[in-house]
Structure formats: C-alpha cells, structure tokens
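Novice: this one's structure only:
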Ligand code: COA
C-alpha cells in the first residue's frame, strides 16, 4: 500500500485515509492504484464489511491530480482514474464518506456512490469539470440529475457552483453534519453499525436499492470517451496551465 493511502482495518470496517495533505489529497496515479488495490482486496475479505473514506489534514480530496491531467498526453497509457470509479460503481459492500474541507471533482462525484455521507457544515464541494473544458465523470451525468433533480444538477455541473456541506445536507446528499474534527468519528460509528449487520442481507438490500450497476458502468464509459478527448483539447490544456501559473 502506498503511503498516499493509509488503510486501517478494525471491527469489520476498512478505513481508507487519503494521505497527501500537502496537495490537498489530490488523487494521482499512485493514489488511484492504491485505492483500487485496497477495494479489490476488500471485496473478497470477509473481515471487511464496510469501507470508510476520509482525508488527512482537514481536506477530503481536491480531486484528480491536475499535473497528471496535464501530463496525460505526454505519458499515454491506462488511466487508473477510470478503473477507480468503475470499481466504486461495482463495489458491493457499503461505503461511507467523512467529508471535511475541500471535496472537488471526484471528491464530490464519488459521494454519489457512497451509501452514507457525513460532512462538516463548512466543507466545500465542487464539480468544476466544464470550467476545465471537461465533462462530468464517475457517472455524475446520470447520478447527479437522478439524486438532485435537473435544476440542481445544472447548477452544480453546468454552472459549476460550489456548495457547502450544510447545503449538501439540505439537498439530501449528506446524512448528518458534524464539526470537521468529529466527522470521521461519526462516519466510523455508522460503519461499525453496518458492519454488525448480516452481510448477505445488507449487500442484497443495497443492490436492490441501487439496481444493476450496468447502467452506471455504461455511463462511466461514455463519459470517459468524451473526457479523454477533452483532455487533449486546447481549452483544457490552457485551463490546466492557468492553474499551475496562478499567483500564490
Ligand atoms: N491537483 C494537483 N495539485 C493540487 C490540486 C489538484 N487537483 N489541488 C490542489 N493542489 C496543490 C496545489 O497545487 C498546491 O500545491 P503547491 O503548494 O505545491 O503549489 C497545494 O495543493 C495546495 O493547494 P492551493 O491551491 O494552494 O490551496 P487553496 O486552499 O488555495 O485552494 C483548492 C484549494 C482545492 C480550491 C484549489 O487547490 C483548487 O482549485 N484545486 C484544483 C481542484 C480541481 O480542479 N480538481 C480537479 C477537478 S476535475
């Protein structure tokens, strides 16, 4: 396991802590590969009955590493971001998120795959794909309108407005709010409750509630085809260059 993701397994709960606080826990290739490996192992590990995602250092994650996006053309090959979001969509055990600070891009879209989400009221959620010349990923083009309605989806995906943890709670994306220092504790308490339940009944119920993941997986592939093309576009390359040239 990379030190960019810390894994802790106890009481039937696998806690995966994004651990790159100096980069706001942005997911680079190494982070994605570590997360995929941890989830793959958890799938067949009877000692794991629920997974909790959280970020170290006060932020959830600033999303995909923009340097990896920038280098994508120069360093072609497989893109583990895609495998990660597909792993999430197909994962059958309950997933819980503890969100504080920044949750940008996949930091917000991955929450739509989680069963329970806890957040600090001042958490900052944002899906700025279009401002980068990109399109939504992780099935967000399907899941955000489904879960929030088209008006909100247009506001958060097309306008790219950010929203707070408190607003996400009011919108039904977040189950409960807690101060940032207590969010993980709240998420762990819920995960331990889930982990104590009959696992087969839990997984079957979850699947009934969510339906066959095939539709979401197909949408993720459709998004990915457009996303890859967009990454090579002059607009996206300019926007990425502007991020790295921003005044500090
Ligand atoms: N990819 C790579 N590095 C990132 C990053 C990302 N997504 N987000 C933040 N970082 C890095 C910054 O470059 C900076 O590194 P440096 O100190 O070596 O320059 C460090 O993390 C801290 O970020 P900074 O921008 O100084 O913090 P901030 O509090 O002013 O702003 C954000 C936080 C999240 C609002 C801002 O960093 C941001 O907008 N990041 C990009 C988010 C994004 O677009 N994600 C992808 C969506 S598809």
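Specialist: Happy to help now that I have it. Bear in mind the structure is a predicted one, so any value in this text is a computation, not a measurement.
Novice: sec struct for the residue most central in space within the chain, please.
Specialist: In the chain, the centroid-proximal residue (C-alpha atoms, centre = their mean) is residue 110; its distance is 2.6 Å. Counting by DSSP: H, G, I helix; E, B strand; the rest coil, the backbone at residue 110 sits in helix.
Novice: OK, contacts around it?
Specialist: For residue 110, the contacting residues are 53, 85, 88, 97, 138, by C-beta atoms under 8 Å, 6 or more residues apart in numbering. C-beta coordinates here come from the backbone N, C-alpha and C atoms, glycine included.
Novice: Next, work out how far apart the first one and the ligand are.
Specialist: Between residue 53 and the ligand the distance is 17 Å, computed by C-beta to the nearest ligand atom, to the nearest Å.
Novice: Ok, the third one next?
Specialist: For residue 88, the distance to the ligand under the criterion C-beta to the nearest ligand atom works out to 16 Å.
Novice: same thing with the last one?
Specialist: Separation of residue 138 from the ligand (C-beta to the nearest ligand atom): 10 Å.
Novice: mind listing what that residue touches?
Specialist: 85, 88, 89, 106, 109, 110, 112, 113, 220, 223.
Novice: From those, which land in strands?
Specialist: Secondary structure from DSSP state E places none of the contacts of residue 138 in strands.
Novice: on that earlier part again, from the contacts of residue 110, which two are the most distant?
Specialist: Spatially, the most separated pair among those is 85 and 97, at 14.2 Å (C-beta to C-beta).
Novice: For the residue in the chain positioned nearest to the ligand, give me its contacts.
Specialist: The minimum distance from the chain to the ligand, using C-beta to the nearest ligand atom, falls at residue 105 (2.7 Å). By C-beta under 8 Å, 6+ apart, residue 105 lies in contact with 62, 63, 64, 126, 127, 128, 129, 137.
Novice: The last one reaches residue 224, doesn't it?
Specialist: Yes - counting by C-beta atoms under 8 Å, residue 137 does reach residue 224; the two are 6.9 Å apart.
Novice: So the host helix or strand of residue 67, near the ligand or not?
Specialist: Element membership of residue 67, judged by DSSP states H and E, is helix 66-71. Yes - using C-beta under 6 Å from any ligand atom, helix 66-71 reaches the ligand at 66, 67.
Novice: helices or strands up against that helix?
Specialist: helix 234-244 (3 or more C-beta pairs under 8 Å, 6 or more residues apart in numbering; DSSP states H and E).
Novice: and the helix it packs on, which residues are buried?
Specialist: 236, 237, 239, 240 (16 or more other C-beta atoms under 10 Å).
Novice: ok now do the nearest residue to residue 231 once chain neighbours are set aside, which residues does it touch?
Specialist: Among residues not flanking residue 231 along the chain, residue 72 sits closest, at 5.2 Å (C-beta to C-beta, 6 or more residues apart in numbering). By C-beta under 8 Å, 6+ apart, residue 72 lies in contact with 79, 231, 232.
Novice: before we move on, back to that, in TSV: the buried residues of helix 234-244, plus pLDDT and distance to residue 167.
Specialist: Listed next are these as TSV, based on pLDDT from 0 to 100; distance: C-beta to C-beta, whole Å:
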residue	pLDDT	distance to residue 167
236	95	28
237	94	32
239	95	25
240	94	28
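Novice: Identify the farthest-apart pair in these.
Specialist: 237 and 239 (7.5 Å).
Novice: In contact with the nearest residue to residue 156 once chain neighbours are set aside, which residues are there?
Specialist: Distance criterion C-beta to C-beta, 6+ apart; nearest residue to residue 156, sequence neighbours excluded, is residue 127 at 5.6 Å. Taking C-beta under 8 Å, 6+ apart, we find residue 127 in contact with 104, 105, 108, 109, 136, 140, 144, 156, 157, 160.
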